[in-house]
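S.K.: Fold the following for me, if possible:
(chains A and B)
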Amino acid sequence: GQNIDQPTEMTATEGAIVQINCTYQTSGFNGLFWYQQHAGEAPTFLSYNVLDGLEEKGRFSSFLSRSKGYSYLLLKELQMKDSASYLCAVRGGGSYIPTFGRGTSLIVHP
Amino acid sequence: IAGITQAPTSQILAAGRRMTLRCTQDMRHNAMYWYRQDLGLGLRLIHYSNTAGTTGKGEVPDGYSVSRANTDDFPLTLASAVPSQTSVYFCASSDSFAGSAYNEQFFGPGTRLTVL
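M.R.: Below you'll find the predicted structure:
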């Protein structure tokens, strides 16, 4: 199976930049996802990486290094509405269903 | 219906009772999934289906069963509920199961289940 590690909680200031890291161990890596989940709501898709490098999508960017088993989600120009849990999910081990990490709770304060 | 729906929104259930959580999607997605989410443990896969007529076991299948009679519906049944099944249950779907496409998952709003 996969072993996925993310920080449990992070805090940041409105307008700042925050980087949420995700490390993983898996055989047959086949993609990494980031989802956002606001309290009491369903997860929603943010980004997908399967090749090394940076994928940029507006204020959010996601980076992948397959050799290091490492990804990060970068959030720029933080807004209060960015307070949420961010879930890293890895696909590998011969399965096309991603395994989710425990998520990182991000608190944005004024 | 737009997207994926779940029913009920929440339920309090006596231990030993049978309960079916409903999930319906209108996106014609082949693959569907059931997860439970518990504080500190993240999303864990219970069962999945990659196409109508087929199902498979996930990480935590014990005490749960599923069926996939058609493309749109994927009910989850607890035959005899126990307190450890208290959780938030999310149904999800994706366009396809196999292949190299990334196939993002779309999640329903969830069912909050309490077993007493």
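S.K.: C-alpha only now, for contacts and for neighbours.
M.R.: Fine.
S.K.: For chain A, which residue gets nearest to chain B?
M.R.: Per Cα to the nearest Cα, A:Arg102 is where chain A lies closest to chain B, at 4.1 Å.
S.K.: So in that sheet, which strands flank the strand ranked longest in chain B, and in what orientation?
M.R.: In terms of residue count, the longest strand belonging to chain B (DSSP state E) is strand B:42-51. Note on strand B:42-51: by DSSP bridges, its sheet partners are strand B:31-38 (antiparallel), strand B:54-57 (antiparallel).
S.K.: separation between the residue of chain A closest to chain B and B:Gly40?
M.R.: Relative to B:Gly40, A:Arg102 is positioned 6 Å away (Cα to Cα, to the nearest Å).
S.K.: same check, this time on B:Thr114
M.R.: The value you get for B:Thr114 to B:Gly40, if Cα to Cα is used, is 17 Å.
S.K.: which of the two has more neighbours?
M.R.: Neighbour totals were compared for B:Thr114 and B:Gly40, and B:Thr114 leads with 19 against 10 (other Cα atoms under 10 Å in any protein chain shown).
S.K.: just the angle between the strand or helix carrying the more buried one and strand B:31-38, please?
M.R.: Per DSSP states H and E, B:Thr114 falls inside strand B:111-115. Put simply, strand B:111-115 runs at 50 degrees to strand B:31-38, going by axes from the mean of the first three to the mean of the last three Cα atoms, to 10 degrees.
S.K.: hmm, back to that, tell me the most buried of the strands paired with strand B:42-51?
M.R.: Of all these, strand B:31-38 has the most neighbours on average by mean count of other Cα atoms under 10 Å in any protein chain shown, namely a mean of 24.
S.K.: pLDDT of it, averaged?
M.R.: The average of the pLDDT scores along strand B:31-38 is 97.
S.K.: Show residues contacting it.
M.R.: B:43-51, B:74, B:76, B:87-97 (Cα atoms under 8 Å, 6 or more residues apart in numbering or on different chains).
S.K.: Please apply the same query to stretch A:36-56.
M.R.: Residues contacting stretch A:36-56 (Cα under 8 Å, 6+ apart): A:30-35, A:61-66, A:83-87, B:90, B:102, B:104-110.
S.K.: how long is it end to end?
M.R.: OK, stretch A:36-56 end separation, Cα to Cα: 16 Å.
S.K.: can you give me the offset of it from its chain's centre?
M.R.: 6 Å (Cα atoms, centre = their mean, to the nearest Å).
S.K.: Enumerate the positions of that stretch that are buried.
M.R.: A:36-38, A:42-50, A:54-55 (16 or more other Cα atoms under 10 Å in any protein chain shown).
S.K.: From the residues you listed, which land in strands?
M.R.: Per DSSP E, the subset of the buried residues of stretch A:36-56 in strands is A:36-37, A:44-49, A:54-55.
S.K.: Report the contact partners of the residue of chain B found nearest chain A.
M.R.: The minimum distance from chain B to chain A, using Cα to the nearest Cα, falls at B:Gly42 (4.1 Å). Counting by Cα under 8 Å, 6+ apart, B:Gly42 makes contact with A:100-103.
S.K.: so which two of those residues are the farthest from each other?
M.R.: A:Phe100 and A:Gly103 (7.8 Å; Cα to Cα).
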